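Asker: Fold the following.
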Amino acid sequence: MTGKEWLDILINLVTNTVVIGFATLIISHKLNKRLSDHNSELQKEIEKLKVSESNLHIRKIDKFSEFTDILYGAMRGVKYNKDPKADIQKAMEKFMKDLIFFAGEDTLKKFVEYRNYSHIVKEGGQNEQAKFQFIIAELILEMRKDLGYSNEGINVDHYMHLIVNNWEKHKDEFHERAEKAKKIE
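Answerer: Numbering: from 1, shown residues only. Next up, the predicted model:
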């Protein structure tokens with residue numbers, strides 16, 4: 001091969017390398033632009049999702065607070081020997097109407113258990129009342145979990161401390177009664 005042929009090969013090689021490099025640069029730029037646009041759209045969607053999740057979280061807090069208001073209204077009625085049945089029933093119907101949209105699967109399951117056992121507790125005695133209190137405590141813990149709390153280190157006894165005076169004194173008695181209570185079939 002002559003020097004001119006080597007020079008032609010070298011020129012072709014350099015030209016092809018420059019063309020390929022330039023083409024790669026253009027393709028890379030277009031891909032980076034698309035990726036950047038995609039990333040921007042994805043960030044917008046993530047922000048929308050965060051806002052939506054935040055709004056849902058607020059609604060869940062409102063709904064679950066409604067439930068605790070109902071519970072405390074019922075407890076006040078029992079404590080002061082008043083019959084708030086009509087108000088409680090109306091509030092519970094309102095709560096249940098929205099529950100299916102806001103509660104997680106485990107919360108819904110526990111709420112169904114709560115509703116089913118509420119019929120048993122009406123005809124039962126102290127054992128069923130103790131069991132029912134534990135079901136309510138479990139439901140409250142499920143609602144907390146639904147709101148994003150881990151409940152690590154928290155159990156039904158923590159809730160019972162809030163609603164039963166001298167819980168430590170009555171704790172064993174409540175657990176024994178709950179064990180003896182009728183079961184849901």
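
Asker: all helices for the protein, in order.
Answerer: Using DSSP state H, the helices found in the chain span residues 3-79, 85-102, 105-123, 126-146, 156-163, 167-180.

Asker: Burial-wise, tell me which of the ones you listed comes out on top.
Answerer: Highest mean neighbour count of these: helix 126-146, a mean of 20 (counted as mean count of other CB atoms under 10 Å). C-beta coordinates here come from the backbone N, C-alpha and C atoms, glycine included.

Asker: Spatially central residue for this structure, please.
Answerer: Of all residues in the chain, the one closest to the mean position by CA atoms, centre = their mean is residue 146, 3.1 Å from it.

Asker: re the thing from before, need the helices of the chain in a markdown table (columns: mean pLDDT).
Answerer: Shown next, in a markdown table, are the helices of the chain (pLDDT from 0 to 100):
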| stretch | mean pLDDT |
| --- | --- |
| helix 3-79 | 83 |
| helix 85-102 | 83 |
| helix 105-123 | 90 |
| helix 126-146 | 93 |
| helix 156-163 | 90 |
| helix 167-180 | 92 |
